[in-house]
Each structure stands twice: as C-alpha cells, then as structure tokens.
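1. Need the 3D shape of this:
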Amino acid sequence: MANKIRSFRFKMIQLFVLSLLCSGTITFLIYKVLQFYYHTTRFEDPLTKFRYFMREVGDLNVFLIIFIPLSFYFFFLLTKRYSLYFQEISRGINLLANGDFNSKINIRPSSKTLHVILIWQVKSCSKRWRGGTLRRTAKNNWC
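-> All right, here's what the predicted structure looks like:
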C-alpha cells in the first residue's frame, strides 16, 4: 500500500484532485461574491443585464464555464515540474539515440524515485551501447 501511495500515478491523481479543489474554491468564492452583489443591486445597474443573461443560460452552466478552465490551468501549474523532468530525460534519450554516449542527464538530487530509476536506466543503457559500439568499431577495424 505504501508503494501505491508513493507511485507516480497516485501523485498525478492527487495533483488532479488538488487542482479541482482550488478551482472549486475560486468558483465558489466568485459565486458568493456575486450572490452578495446581486442582493444589493438595483434594476438600473448595468450588471443587472448580465445577471438576467446568466439566469437565461443557467447559473450552473456559467459556473462550469469558469470551473473547467480553472481546473485545467491549476493542473498544468501543479504538474509543470514533472513535465520539466520528463523533458530533460527525453532530451537525454534523444542524445543517446543520436549516438552521443558521453552525455549526462542533470536533474536535481531532490527528484523522486521514478526519476532516479529512469536516470539509472538511461546511464546503464548508455554504458552498454557505448561498449557495444566500441566493440563493433574495434571488430570492423581488425577486418
């Protein structure tokens, strides 16, 4: 159970729920502010037309229009550091695929277990590929 809680998938679900909670909180605050404002407005106020438009469209639909983009925005903000890790790892794999076996992947030491394992795998693959390439080159030079 402890491994599942520390897993990358569970972390992404946690960040998704956190983004939903943040956007829900902001949407609720907007709702409460508008509710207070509408109880104190007069018909002559220019925002009364907006309130009637919201009533025609539906309050729930208007707040869903606010809630959904906010939840995406918060999710992208919360997962930005993970995307930077994966971009760095992807850059290292692309360098290996292009034949640069001396490249290093520099990721902060505070990275998670998944990232440490990925870096270790890329480094071990680099050593194996370098060794195989050197053997192949030496074999071709002897012939």
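2. how close does V17 sit to E44?
-> 44 Å (Cβ to Cβ, to the nearest Å). (Each C-beta comes from the backbone N, C-alpha and C, glycine too.)
3. and M54, how many neighbours does it have?
-> Residues lying near M54 (other Cβ atoms under 10 Å) number 15.
4. Please tell me how far it sits from H39.
-> Between M54 and H39 the computed distance is 14 Å (Cβ to Cβ).
5. Y82 now?
-> Going from Y82 to H39 by Cβ to Cβ gives 44 Å.
6. higher neighbour count, the two?
-> Neighbour tally, Y82 and H39, criterion other Cβ under 10 Å: the higher count belongs to Y82, 16 against 7.
7. what helix or strand does the more buried one sit in?
-> helix 80-97 (DSSP states H and E).
8. Convert the C-alpha atoms of that helix to CSV, please.
-> Extracted C-alpha coordinates of helix 80-97, given in CSV (Å, rounded to 0.1, in the frame of the first residue of the first chain):
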residue,chain,number,x,y,z
LYS,A,80,4.9,21.8,-14.5
ARG,A,81,7.9,20.4,-12.5
TYR,A,82,7.1,16.9,-13.7
SER,A,83,7.0,17.9,-17.3
LEU,A,84,10.4,19.6,-16.9
TYR,A,85,11.8,16.4,-15.5
PHE,A,86,10.4,14.4,-18.4
GLN,A,87,11.7,16.9,-20.9
GLU,A,88,15.2,16.6,-19.5
ILE,A,89,15.0,12.8,-19.5
SER,A,90,13.6,12.8,-23.1
ARG,A,91,16.5,15.1,-24.2
GLY,A,92,19.0,12.6,-22.7
ILE,A,93,17.3,9.7,-24.5
ASN,A,94,17.4,11.6,-27.8
LEU,A,95,21.1,12.4,-27.3
LEU,A,96,21.7,8.6,-26.8
ALA,A,97,19.6,7.7,-29.8
